[in-house]
Structure formats: structure tokens, C-alpha cells
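>>> give me a 3D structure for the following:
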Amino acid sequence: MPSKLRLLLGTRCFHFCAYHLIRIYSLTFRLRVENEQGWMDHLRGGGRVVLCAWHQQFFAAIGYFRVYREFEPAIMISKSSDGDIIADVAERSGWRAVRGSSSRGGKEALRKMIDHLRLTGLAGHILDGPRGPAGIVKAGVIELAHAADAVIAPFYTSADRTWRFNSWDGFLLPKPFARVMISFGETIELSPMEDEGAFERQRRELEKTMLPGLRAHPAGKSAHA
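Numbers count the residues shown, from 1 in each chain. Predicted coordinates for the structure are as follows:
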């Protein structure tokens, strides 16, 4: 990336414009939300919740997820130039951006996520981001849920009209005025770790639960939905 472009993408002015552009763009969606009440009741009752989705689907939820800002939720975002923009959008939307990923600063970021989730009760997590492989649940969400004694609430987004990026995950961008659905799955309460293999079994079970919601698997492989 040219240095001048990198400097432009890092300016507060660009981040300000990106945030408002995303908000205005998201307002064009004809949005429907399903099955939100279950995990909300758990949260308002004093429980803790981790909202989880595939990387390819998070954009459609950005505008709506601003409604959760009263809970001061946190989400882990990579330490990259793209991550800088998303982190600023998250912060302006009322979400705490904790910077780090599995390849850079992940352990420290996970500790901060755990502390924040214990305090506020709500966090978000991208299961296979920021670099994939697509459809593979990484270990962080299992660690986070166990350490903070939180349930996992999967969510999926879909739209009747989208653009698909030629990226590692087939990133989905709903077209303006698309009918967009945000659908929450049933909450998942992880059982205690009874043996050394329990962690991996729980990771695979979550992956099995989430895979049917992965839209048109990238790289020409068979679709899971």
C-alpha cells in the first residue's frame, strides 16, 4: 500500500467519514431481527454473553449492533490497517475495541477481553477472523467463554441481494436497500472441562453448530447453507 494512502486511511477525518458512511449505508437495509430475546433475557438477568459470527457476515450487523452500546460491550479486532478502521467504527458505535489477533498480540488481547466481559457482561467475537481459514472456529472463543463464565450466542446474517468479495472468506456486503436478516441461534452453555480432550470437543461442536450458517463456502467448495 502506498505510504500516502496509508497515511490517509489512518487519519481521524477518514475514520469519521467511514463511520458515518457505514451508518448511512446500513440505514438503507430493510432489517429483520430474529430470536434476540433469549440471550438478552440472560444478559439482563445478570448472565454473561459472547455473540459470535463468521467473518464473512459481520458487516450486515454493524449498524444494528449499535443498540447494544448501553452494555459497553467489547470485541477483539486485529492490529492491522483495516483493523484500525473497524476499531474506530466499533468505538464510535459504543463498543470497546480490544486490539489483537491469533497472529499478533492475541494473548494480551484475550486477557483484556476476559476482564471486560466479566465486568460488563457482553462481548462479540469473530470465530474465524481475521485471516481464516473460513469456517474454522479458533480457540479464543472457548477460552473466553470459560474464563468469564459466559454463554455463547451464535448469530448469522443474510440478505436477498449481496456483493461477494474475492477474499479468503467470500466476504458479503449487502446491496443498498437489501432485505437483511440477523438471526440469533440458541445460546450454548459450555460444560466444565472434564478431561484434556474436552476443549477440542467443544471447539468442534461449536464449529459443527455454526457451519450450516456459512454462506456459499469460498474457494469453490461445497456450500454449508
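>>> host element of Leu51?
strand 49-53 (DSSP states H and E).
>>> may I have that strand as PDB, with CA atoms only?
Taking Å, rounded to 0.1, in the frame of the first residue of the first chain, the C-alpha atoms of strand 49-53 are listed here in PDB:
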ATOM      1  CA  VAL A  49     -22.900 -13.500  26.700                       C
ATOM      2  CA  VAL A  50     -20.500 -13.800  23.900                       C
ATOM      3  CA  LEU A  51     -22.100 -13.000  20.500                       C
ATOM      4  CA  CYS A  52     -20.300 -15.000  17.700                       C
ATOM      5  CA  ALA A  53     -20.400 -14.900  13.900                       C
END
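>>> name the helices or strands packed onto the helix or strand following that strand?
The helix or strand immediately downstream of strand 49-53 is helix 59-62, counting by DSSP H and E. The elements that helix 59-62 packs onto, with contact taken as 3 or more C-beta pairs under 8 Å, 6 or more residues apart in numbering; DSSP states H and E, are helix 12-27, strand 151-159, strand 172-174, strand 179-184. Heads up, the C-betas are built off the backbone N, CA and C, glycines and all.
>>> so how far is Arg44 from the most centrally placed residue in the chain?
Centroid check for the chain by C-alpha atoms, centre = their mean gives Ile126 as the closest residue, at 3.6 Å. From Ile126 over to Arg44 the distance is 24 Å, taken as C-beta to C-beta, to the nearest Å.
>>> still on that earlier bit, any figure for the gap between the residue nearest to the centre of the chain and Glu91?
16 Å.
>>> where does the prediction get shaky in this structure?
Applying pLDDT under 70 to the chain flags the ranges 1-10, 216-225.
>>> export the helices and strands packed on helix 59-62 to TSV and append columns for distance to Trp54 and mean neighbour count.
Formatted as TSV, those follow (distance: least, C-beta to C-beta, whole Å; neighbours: other C-beta atoms under 10 Å):
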stretch	distance to Trp54	mean neighbour count
helix 12-27	18	14
strand 151-159	8	22
strand 172-174	9	20
strand 179-184	13	18
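>>> how about those in a markdown table, adding distance to Ala87?
Shown next, in a markdown table, are these (distance: least, C-beta to C-beta, whole Å):
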| stretch | distance to Ala87 |
| --- | --- |
| helix 12-27 | 9 |
| strand 151-159 | 20 |
| strand 172-174 | 19 |
| strand 179-184 | 21 |
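>>> alright, that wraps it up for me.
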